[in-house]
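Asks: sequence and predicted structure below; questions after.
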Amino acid sequence: MIRTPYVASLRVFEPLATFPPSQRERWRRDAISTNRPDEQMLALHRLLTPERVNARPDGAYSLEIENEIYIAPWSTTSRCVGALEDFKSSIPELLMPLFVPRATEEALTQLSSSIGEISDPPHIITETWVIPPRWFSLFTVEERLRGRDENGPWVRMRTTMDNARRQANITLQTVLSAFGTGQVANELEELTDWLESFDAGSIVECDYGGLAIYLESSIRAHGGSGIEDDSSLEDIRSSLAGLAAADPIAAGHGYQSLVERWRAVAAYENAT
């Protein structure tokens, strides 16, 4: 899998059996194929040769664990629409045509009201240049996987849906007890609601994507040896334990360490 340089992903892989019969055989064929389409390559193709986002069949990521296949559809159309809405809310309306052609915006708007999949929650959510602390809260240190391949360092965290939901609810209650309602609690509630949208037998994965490359560069620039020195999970666990124990110093230390590490990664955005 080619990793987008500045994007991290949180994915839900549902058991193949939970999909409609009309989709199962296709996903099964894709999962065992040695010539599967690659989401990032298709995205690059669309940049060079523009086409409607639903002009070709969508793809999916797959996992095989203990002889069971799990699928995370790309849901390209719904994610494009969601990304457009987020972008529109971040800039003045008058500037929108400078970034997105009017015809493209109108086409995506029409798709959002005419395609049924738009109403379904996407199996994949992404962030650029940073991984939100709430994503880390879903996993334990033992669930972290990391290494290197031909594309450089990689980091993934995987857990069962039951574990992810439990960790999300514990984190939400910890934050509510410490701070009450607010933006952090609202974001955790949104994450919890998203997880509840999927089958209980699903697998949840956080993938650093290409951010692992920037993270390793940042760690080495600060005297570390590489991706093995990343302690983001340890930091979030320490911070949450501090909040639960009403120890603001411990909570603040863990959170500050996490934020500073990823702030250094985000700084690469201005250097690219």
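Replies: All right, it came through fine.

Asks: ok, Ile219 touching Ser231?
Replies: No. Applying Cβ atoms under 8 Å as the test, Ile219 and Ser231 come out as separate, 9.9 Å apart. C-beta coordinates here come from the backbone N, C-alpha and C atoms, glycine included.

Asks: what's the overlap in contacts for these two?
Replies: Listed as contacting both Ile219 and Ser231 by Cβ atoms under 8 Å, 6 or more residues apart in numbering are Arg261.

Asks: between those two, which has more neighbouring residues?
Replies: Ile219 (21 against 17; other Cβ atoms under 10 Å).

Asks: roughly how far does that one sit from Glu260?
Replies: 12 Å (Cβ to Cβ, to the nearest Å).

Asks: what does Thr171 give?
Replies: Distance from Thr171 to Glu260, by Cβ to Cβ: 21 Å.

Asks: with Ala221 instead?
Replies: Distance from Ala221 to Glu260, by Cβ to Cβ: 13 Å.

Asks: now Trp154
Replies: 22 Å.

Asks: so for the two, which sits in the more crowded spot?
Replies: Neighbours per residue, other Cβ under 10 Å: of Trp154 and Glu260, the larger number sits with Trp154, 20 against 11.

Asks: find the residue closest to the more buried one in space, skipping its chain neighbours.
Replies: Ala212 (5.3 Å; Cβ to Cβ, 6 or more residues apart in numbering).

Asks: for Arg134, see how far away that neighbour is.
Replies: In this view, Ala212 and Arg134 are 19 Å apart by Cβ to Cβ.

Asks: more crowded one of the two?
Replies: Ala212 (25 against 19).

Asks: just to be sure, that one is in a helix?
Replies: Yes. Judged by DSSP: H, G, I helix; E, B strand; the rest coil, Ala212 forms part of a helix.

Asks: all set now, cheers.
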